[in-house]
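S.K.: no sequence for this one, just the structure:
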């Protein structure tokens, strides 16, 4: 990325430049997809400058933030699947590959192997295993790299330029119809900022735009009747650079005075106000990308009068973290809140993708908004179906969702309980097979299957109650496999 970031000679190399959140820098993990554009010289470039504009998205690897990965895959024409030369294929890698291939228009996948310069690296073994897994004819097509020693970086960028196609124009694209699709958003003192990709036309400062109607909008949605004046437009490098306009194929930021964070979801299409109501093609994101939360917790402010500030902060976080699900239920004490009883007071019911997601949420509230929040222990929702009986006057069964023991059916009632079940995929060295099977069995796993990936790694798949997985299953798996086991979950 030397064409994008040019540090001074006396500056330390910024290896975590795309980790823009404080929590990412402190924990050394990526929890939020980050975009950046760069110019790269390549012989295939058309024009006197001889450079291509590459729009890049850095995505998280942890399973709790899988929604970020799926969302990002929907906006790109190519994806680099990174393999660890020391550990080979991991469960998360397999899942990302499957998600990419399942898309209606799957991106071009490039395979790259990282950390090849470490003493524990086994690049040849990993390349052969991956080739057998994917049915590749040529293991040499996997590009060996090392970010630390800058090995293979130019080869990888050259492969991107050669193999990843440019964005395809829409059938009705005449160069005059603007369609700018929201990729991501964040909130600051001036309101909502959107990262957009220009699907067609040109977006310039001073343009009058509006939000295009999609199947997700209802006919009475007031946002469809509003128009906005474009205030600022530019590129993300990864810092914002104001350019005044964006052309088709470019990805950048736009500020246009939007105040409600919930009106800028990924996939939202911005068009010229004069084109509103016209018969033009409006691309939409597949609804399958929306995954449900798997954990729910009540979030309360520490200060007695801090509910409104908490509510506003969570709304802004939800704009930037699409894995959050903020459910508002009526409460006698505060409209749109969840009761925390006489001790906690009003709060919010928030859905998460896992325990790490809960921890990151709490830390982001503190880092970005200065709010110390009280988060109750996460709860798994159970479906309880009450059955007709002589003593309850029920004529037919009815089902309700129960998360608290205080709402559990009373003794003597007839009912059936259904708990959420997830598919778990585990990959671990063959010598830990017995320990992995015992762990799955102890956690009430069912329909367990196992098969060798190669002579060293086995794959285990099972159906497990989510309540058994979400608490400490990942930690226990790392313990019984000496840190070599990896896992992922899916519906």
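M.R.: The structure has been received and is ready for your questions. It should be emphasised that the depicted structure is a prediction, and the values quoted were computed from it without experimental measurement. Residues are numbered from 1 along each chain as shown.

S.K.: quick one: the strands in the stretch 201-350 of the chain?
M.R.: Along the stretch 201-350 of the chain, the segments classed as strands by DSSP state E, counting those that start in this stretch run 203-204, 208-211, 228-229, 232-236, 240-242, 245-246, 251-255, 269-272, 295-301, 325-327, 338-339, 346-352.

S.K.: So for the host helix or strand of residue 385, mean pLDDT?
M.R.: Using DSSP states H and E, residue 385 falls within strand 382-386. Mean pLDDT, strand 382-386: 90.

S.K.: Would you single out the least confident of the strands of the stretch 201-350 of the chain?
M.R.: Of all the strands of the stretch 201-350 of the chain, mean pLDDT reaches its minimum on strand 338-339 (a mean of 52).

S.K.: check contacts around the closest residue to residue 451 other than its chain neighbours.
M.R.: What sits nearest to residue 451 in space, not counting adjacent residues and going by CB to CB, 6 or more residues apart in numbering, is residue 459, at 5.5 Å. No exception for glycine: its C-beta is placed from N, CA and C like everyone else's. By CB atoms under 8 Å, 6 or more residues apart in numbering, the contact list for residue 459 reads 425, 426, 427, 450, 451, 452, 453.

S.K.: Next, give phi and psi for residue 459.
M.R.: The phi/psi pair for residue 459 (degrees, to the nearest 10) reads phi -110, psi 130.

S.K.: pLDDT wise, what is it at?
M.R.: 92.

S.K.: now it: how far from residue 468?
M.R.: Look at residue 459 and residue 468: by CB to CB, to the nearest Å, they are 20 Å apart.

S.K.: now swap in residue 418 and tell me
M.R.: For residue 418 relative to residue 468 (CB to CB), the value is 15 Å.

S.K.: Between those two, which is the more surrounded one?
M.R.: Neighbours were tallied for residue 418 and for residue 468 using other CB atoms under 10 Å; the higher tally belongs to residue 468 (19 against 10).

S.K.: That one and residue 446 touch, don't they?
M.R.: No. Using CB atoms under 8 Å, residue 468 is not in contact with residue 446; the gap is 11.0 Å.

S.K.: one step back: how far off centre is the strand holding residue 385?
M.R.: In terms of CA atoms, centre = their mean, to the nearest Å, the centre of strand 382-386 is set 30 Å apart from its chain centre.

S.K.: buried ones in it?
M.R.: Residues 382, 384, 386 are the ones in strand 382-386 that count as buried (16 or more other CB atoms under 10 Å).

S.K.: Let me have those residues in a markdown table, extended by distance to residue 59.
M.R.: Formatted as a markdown table, the buried residues of strand 382-386 follow (distance: CB to CB, whole Å):
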| residue | distance to residue 59 |
| --- | --- |
| 382 | 32 |
| 384 | 37 |
| 386 | 43 |
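
S.K.: what's the spacing between the spatially closest residue to residue 171 that is not a sequence neighbour and residue 179?
M.R.: Distance criterion CB to CB, 6+ apart; nearest residue to residue 171, sequence neighbours excluded, is residue 281 at 6.6 Å. According to CB to CB, residue 281 stands 8 Å off from residue 179.

S.K.: The two: which is more packed in?
M.R.: Between residue 281 and residue 179, residue 179 has the larger neighbour count (other CB under 10 Å), namely 25 against 13.

S.K.: how many neighbours does residue 441 have?
M.R.: 12.

S.K.: So it, which state does it fall into?
M.R.: Here residue 441 takes the helix state, with states given by DSSP: H, G, I helix; E, B strand; the rest coil.

S.K.: where exactly do the strands run in the stretch 51-200 of the chain?
M.R.: Counting by DSSP E, counting those that start in this stretch, residue ranges of the strands within the stretch 51-200 of the chain are 51-58, 78-84, 108-114, 143-144, 179-188, 191-200.

S.K.: and of the ones you listed, who's closest to residue 377?
M.R.: With CB to CB as the criterion, residue 377 lies closest to strand 179-188 of the strands of the stretch 51-200 of the chain, at 28.7 Å.

S.K.: Now the closest one: buried residues?
M.R.: For strand 179-188, by 16+ other CB under 10 Å, it's 179, 180, 181, 182, 183, 184, 185, 186, 187.

S.K.: Assess the claim that the first one and residue 200 are in contact.
M.R.: Yes. Judged on CB under 8 Å, residue 179 makes contact with residue 200 at a distance of 4.7 Å.

S.K.: so what sits against both of these two?
M.R.: Jointly contacting residue 179 and residue 200 under the rule CB under 8 Å, 6+ apart are residue 170.

S.K.: Any stretches of this protein with poor pLDDT?
M.R.: 1-32, 61, 63, 215-224, 261-262, 286-294, 327-345, 491 (pLDDT under 70).

S.K.: residue closest to the middle of it?
M.R.: Centre of the chain computed as the mean C-alpha position; nearest residue by CA atoms, centre = their mean is residue 68, 1.1 Å away.

S.K.: With adjacent residues omitted, what lies nearest to that one?
M.R.: Of all residues not flanking residue 68 in the chain, residue 33 sits nearest, at 4.5 Å (CB to CB, 6+ apart).

S.K.: For the one you found, which residues are in contact?
M.R.: By CB under 8 Å, 6+ apart, residue 33 lies in contact with 57, 58, 59, 60, 68, 69, 71, 72, 184.

S.K.: Now do the third one against residue 78, distance only.
M.R.: Right, residue 59. With distances taken as CB to CB, residue 59 is found 13 Å from residue 78.

S.K.: ok, the two, which is more surrounded?
M.R.: Ranked by neighbour count (other CB under 10 Å), residue 59 and residue 78 place residue 59 first, with 20 against 16.

S.K.: follow-up on the earlier one: after the strand holding residue 385, which helix or strand is next?
M.R.: By DSSP H and E, the next helix or strand past strand 382-386 is strand 398-402.

S.K.: Check which strands are paired with the following helix or strand past that next one and give the direction for each one.
M.R.: Sequence-wise, the next helix or strand downstream of strand 398-402 (DSSP H and E) is strand 415-418. Here strand 415-418 is paired, per DSSP bridges, with strand 382-386 (antiparallel).

S.K.: Now do the strand it pairs with against strand 398-402, angle only.
M.R.: Angle, strand 382-386 to strand 398-402, by axes from the mean of the first three to the mean of the last three CA atoms, to 10 degrees: 150 degrees.

S.K.: which residues are contacting strand 382-386?
M.R.: 392, 394, 397-403, 408-409, 413-420.

S.K.: if we go to 7 Å?
M.R.: Contacts to strand 382-386, defined as CB atoms under 7 Å, 6 or more residues apart in numbering, come from residues 394, 397-402, 409, 413, 415-419.

S.K.: Next: stretch 173-189.
M.R.: Contacts to stretch 173-189, defined as CB under 7 Å, 6+ apart, come from residues 33, 35, 75, 192-203, 251, 261, 264-272, 275, 280, 283, 316, 319-320.

S.K.: cool, and stretch 267-281?
M.R.: Stretch 267-281 is touched from outside by 170-172, 177-182, 196, 207-212, 214, 227, 282, 284-285, with contacts defined as CB under 7 Å, 6+ apart.

S.K.: which of the contacts of strand 382-386 are buried?
M.R.: Listed as buried from these are 402, 415; burial here means 16+ other CB under 10 Å.
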